[in-house]
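Chemist: Sharing a model prediction with you, sequence too.
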2 protein chains.
Amino acid sequence: MTVEVISVGTELLLGNIVNTNTQYLAEKCAGLGLTMYYQSVVGDNEERMTASFRQAFERSDVVILTGGLGPTEDDLTKEVCAKVLGLPLVLHERSRQRIADYFVRTSRKNITENNWKQAMIPEGAIVLDNDNGTAPGLIVEADNLSVILLPGPPNELKPLFEGKVVPYLKKRSPFTICSAMVKLIGVGESRAETMIKDMIDGQTNPTIATYAKTGECDIRVTARAANEAEAMELINPAVEELFKRFGDNIYTTHEEETLEQTVVRLLKEKGLTVTTAESCTGGLVAARLINVSGASDVIKSGFITYCDETKHSILGVPTELLESYSAVSEQVAEAMALGGAKAAGADACLSVTGIAGPDGGTEEKPVGLVYVGCHFGEKTVVREFRMRGNREKIREQAVVQALDLLRRRLITDMGE
Amino acid sequence: MTVEVISVGTELLLGNIVNTNTQYLAEKCAGLGLTMYYQSVVGDNEERMTASFRQAFERSDVVILTGGLGPTEDDLTKEVCAKVLGLPLVLHERSRQRIADYFVRTSRKNITENNWKQAMIPEGAIVLDNDNGTAPGLIVEADNLSVILLPGPPNELKPLFEGKVVPYLKKRSPFTICSAMVKLIGVGESRAETMIKDMIDGQTNPTIATYAKTGECDIRVTARAANEAEAMELINPAVEELFKRFGDNIYTTHEEETLEQTVVRLLKEKGLTVTTAESCTGGLVAARLINVSGASDVIKSGFITYCDETKHSILGVPTELLESYSAVSEQVAEAMALGGAKAAGADACLSVTGIAGPDGGTEEKPVGLVYVGCHFGEKTVVREFRMRGNREKIREQAVVQALDLLRRRLITDMGE
């Protein structure tokens, strides 16, 4: 079954926003086993929309149209779609009522006349109630074609797709598609691919695909079968095999769990607290932990020490160490982690010191050299990294490595 | 002059990466005064590429093709483009030499046979030397059509576009297009638009467009003229008028300068240092300042205090204040800023305390309530905000407001 995405919106053509919706939809569709050959963007213009829609309706089985469902005159997606399919627009009473309720709920007084336009639907369309806005999602079926219309704002599009379109597409598909996610850290995408080349090559059911993120790699296992139980029978052995090959490098198999959520969860389970002592990452390690809702149980403080003086005064790093080895060294990373834990009275402390560039590198200590330390229990462990990329990328990778170092210690040595 | 972008790459169709290249190109083309009607993505497939390219070559004056210029068999962009235009591929000697040099420079030994494929060009093409990779950019001219081929990696695409394609497009254009950027903070996009509605509506030269960012708003003034001097004569009065209307809300007119760069620059100019005392932002304020290369002159430390206990022990916030007013209060924000400056011995201190959600809100203190404090000189100023959005958005806005509060104090009261 082939699918394509057309995003409607002049703001995309002007480069005002990045098209993250299409990436989201593409990844989800791939996970459902659908084949995507085309993605496109067209402006709010009837003639060009008509041409684009017609072309897509002819060449794909499923066409997802996003954006252009708002109440203004510029919003033409539904109107053009109905015209191309030869369907009249009719009032959908439930949607009209929901729009009225929405305005009450969000304490807005003035429903202008054009808002009711959002309750008009192509005759016969399946209406997907939108809990986060006034434009409902729609599915219009014509012969073997399904056209799916979704509002542009990601906080409306994603819940509608996840909650209503995915079940629809699964039902439309002649088979059930299930997938499992295995999230890795400490193994780059290309090494991961090499390590499972035999599982990827020539395999069609389940399929295995890798997705690179900064410092991380996700592996998705997708299977097609008559029902969910049979699909899982195909998936489970592959996931087990991935555990055999990657072991502790796998930090979660929960699709939505991030590395920082894993770390916060592990700390909570063990009733431990952590603090941070950051130099080049400048607070990013703490910020990422604190972005987990409820992190206050496990992280109560953090220190940013961006010069020798504050590494000494705040963390108690001995001046001799800073002078002999310089701030970017294994010894200082170790002393920062130990000093941070003491200063905060925390069970664990992550430290980061490195050269994020673009300036400050030398032949001996080049840009990208980063030391990550973790004090926990009686032991402080330090890892050295040589990272690539610009200042931002280097700092991001350092954050990931710091969080991962703590994760590994929490699942293995328990601080002994 | 119309332009369209076709991105080639299966990784986009699978949703492995977000199409940031197209957003970048769209924004740049809009800045050049070009009209973009279409953007699309097609996979590494000869048949579908041929159809997409042919359609684009027919309907647009300039077609930008990105990706698919690599050395592998899957990389077909150049081959298909040449075929559609009826041009043979010929060896380009300078490019061949540059590829050989590149391998020497990056200490790679094995130039495999397929790498030389990257030195083949459509006959007559303009070659754009690529300093960051082995695939040169190319411009192929046919009648009134210009096809521009750029490598997919953003660190190769952007310098090539900026350095070589922009001058080319400016020359191809019948007039010179210049633009100026005015960056605002403290005025939302819709209010900004309303305030300059008369300058936007019906104006065609210069045109004025607003771009919203989290907590910020950019305004671009673009003019068309016979030469740069004449274009600037159209732009300058508009920029002056924007200064009259927005005053201190304008933090920079440098296209590439970010808010944190402005703040670091102002601190450097005045020889001042800053520290941070963060609760809900958890280190993000410091992290953003430290992302400016050379920030070490002005920020040497930062404190993250994510519970009452550490606000007291690290920043010296009186326990009575925390008990009487709770941590999210004007009084505590003030005490945090003062305490942070003292603890660090810094000239200024930014403090942030708020409820980022999704939990922890009450009727009196709802999710989104944030206090931002700034101690500087003898005075501590606190601002109250009621922010909307999810946890991440609320924290982002809080960071922007904190940086802006310091900026305003640095340009006005000089801490008195």
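Modeler: Everything's here; your move.

Chemist: If you count contacts, what does the host helix or strand of residue A:237 end up packed against?
Modeler: If you go by DSSP states H and E, residue A:237 is part of helix A:228-246. If you count contacts as 3 or more CB pairs under 8 Å, 6 or more residues apart in numbering or on different chains; DSSP states H and E, helix A:228-246 packs onto strand A:176-185, helix A:189-195, helix A:197-200, strand A:216-225. (C-beta placed from N, C-alpha, C; glycine too.)

Chemist: three-state assignment of the residue located most distally from the centre of chain A?
Modeler: Distance to the chain centre peaks in chain A at residue A:320, reaching 43.5 Å (criterion: CA atoms, centre = their mean). Following DSSP: H, G, I helix; E, B strand; the rest coil, residue A:320 is assigned to helix.

Chemist: Give me the pLDDT for it.
Modeler: pLDDT for residue A:320: 97.

Chemist: Would you give the sheet partners of the one helix or strand in chain A whose mean pLDDT sits lowest, along with the direction of each?
Modeler: Every helix and strand of chain A was ranked by mean pLDDT, DSSP states H and E. The lowest is strand A:207-213, at a mean of 82. Here strand A:207-213 is paired, per DSSP bridges, with strand A:216-225 (antiparallel).

Chemist: tell me the average confidence for the partner strand?
Modeler: 89.

Chemist: Measure how that strand sits relative to helix A:228-246, angle-wise.
Modeler: 150 degrees (axes from the mean of the first three to the mean of the last three CA atoms, to 10 degrees).

Chemist: What lies in contact with strand A:216-225?
Modeler: With contact meaning CB atoms under 8 Å, 6 or more residues apart in numbering or on different chains, strand A:216-225 is reached by A:30-31, A:33, A:175-185, A:187-189, A:192, A:196, A:205-211, A:231-235, A:238-239, A:242, A:259, A:400.

Chemist: Go through the helix ranked longest in chain A and flag the buried ones.
Modeler: Identified as the longest helix of chain A according to DSSP state H is helix A:391-411. Using 16 or more other CB atoms under 10 Å in any protein chain shown as the test for burial, helix A:391-411 gives A:391, A:393-410.

Chemist: Could you list every helix and strand in contact with it?
Modeler: So helix A:391-411, by 3+ CB pairs under 8 Å, 6+ apart, packs with strand A:176-185, helix A:259-270, helix A:284-290, strand A:348-354, strand A:369-376, strand A:379-386.

Chemist: now with 7 Å?
Modeler: helix A:259-270, helix A:284-290, strand A:348-354, strand A:369-376, strand A:379-386 (3 or more CB pairs under 7 Å, 6 or more residues apart in numbering or on different chains; DSSP states H and E).

Chemist: Do me a favour and get the end-to-end distance for stretch A:12-19?
Modeler: 7 Å (CA to CA, to the nearest Å).

Chemist: Any chance you could list what contacts it?
Modeler: The contact list for stretch A:12-19, computed with CB atoms under 7 Å, 6 or more residues apart in numbering or on different chains, reads A:7, A:11, A:41, A:43, B:18-20, B:22-24, B:26-27, B:30, B:36-37, B:39, B:211.

Chemist: Okay, and which of those residues map to helices?
Modeler: Filtering the contacts of stretch A:12-19 for helices - DSSP H - leaves A:11, B:20, B:22-24, B:26-27, B:30.

Chemist: Which of the residues you listed sits closest to residue B:343?
Modeler: Closest approach between the ones in helices among the contacts of stretch A:12-19 and residue B:343, by CB to CB: residue B:20, at 40.2 Å.

Chemist: coming back round to it: from the ones in helices among the contacts of stretch A:12-19, list the buried ones, please.
Modeler: By 16+ other CB under 10 Å, those give A:11, B:22-24, B:26-27, B:30 as buried.

Chemist: what's near enough to touch residue A:337?
Modeler: With the criterion set at CB under 7 Å, 6+ apart, residue A:337 makes contact with A:277, A:349-351, A:373-375, A:380.

Chemist: again, only this time at 6 Å
Modeler: When contacts are counted by CB atoms under 6 Å, 6 or more residues apart in numbering or on different chains, residue A:337 touches A:349, A:351, A:373, A:375, A:380.
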